[in-house]
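Enquirer: Test case, fold it:
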Amino acid sequence: MLNNEKELLERIIGGESELFSKVMEHYAQAVYALVVRIVGSAEDSEELTQDIFIKAYEQLPYFRWRSTFSTWLYRIAYNSAISHGRRKRQKTIEIDERRLRQVSDSALDEMEQGTTGHSIEALQKAIGQLDVEERALITLFYYEERPISECAVILGYSEGNVKVRLHRIRKKLYILITQYSDERE
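Expert: Residues are numbered from 1 along each chain as shown. This is a model prediction of the structure:
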């Protein structure tokens, strides 16, 4: 958060538009990092990041402080990245519901603790096979370390829905990582 962020944003809304560059400087890396993890392309992410700040600037008069500014900005970034991802229609993998139910919680815990021996390469490949919304949630929760409550606001879901989705995504990642590791052996 910027020093006196609320005052700075009110000044920008009041007409001191040149101050928006401070907001951009402060949040640019975080927004870009979120977008590139969702979209996967550095070039597309650079362009999207610029578009996100333009949208944020244009929508700033409608920001009502029901969340933090960063949460509001991340919501704009999330929506932009998801829209872009849907247009690109990247190849994703669907996993049968029965296979997901077969993955135990203890297997998920072992995977998260790193005791299964799977590589970072396998994890990254598996994340790349998730659909754009799943990658967004993984990015927000694990990479950005946003709490469930903030993920819910950014994604427009209930907290319970975020928890359920994270659990299903973890199972999907477990299956994909295991499958990738088996193929390498």
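Enquirer: number of nearby residues for Thr71?
Expert: Thr71 sits with 15 neighbouring residues when counted by other C-beta atoms under 10 Å. Yep, even glycine has a C-beta here, placed from its N, CA and C like the rest.
Enquirer: and if you look at Ala136?
Expert: 26.
Enquirer: Nearest residue to it in space, ignoring adjacent ones along the chain?
Expert: Ile38 (4.7 Å; C-beta to C-beta, 6 or more residues apart in numbering).
Enquirer: Domain boundaries for the protein, per the record?
Expert: 5-88, 97-184 (automatic domain parsing).
Enquirer: Comparing the ones you listed by mean pLDDT, which bottoms out?
Expert: For the domains of the chain, mean pLDDT drops lowest on domain 97-184, to a mean of 82.
Enquirer: shouldn't Leu100 be in contact with His167?
Expert: No - the criterion here is C-beta atoms under 8 Å, and Leu100 misses it with His167 at 9.5 Å.
Enquirer: measure Arg75 to Glu7 for me?
Expert: 22 Å (C-beta to C-beta, to the nearest Å).
Enquirer: In this protein, where's the longest helix?
Expert: helix 159-184 (DSSP state H).
Enquirer: how about the most centrally placed residue in the chain, what does it touch?
Expert: In the chain, the C-alpha nearest the mean C-alpha coordinate belongs to Ala136, at 3.0 Å (C-alpha atoms, centre = their mean). Neighbouring residues of Ala136 by C-beta atoms under 8 Å, 6 or more residues apart in numbering: 34, 38, 78, 81-82, 155.
Enquirer: now, among these, which is nearest to Asp109?
Expert: Leu155 (24.3 Å; C-beta to C-beta).
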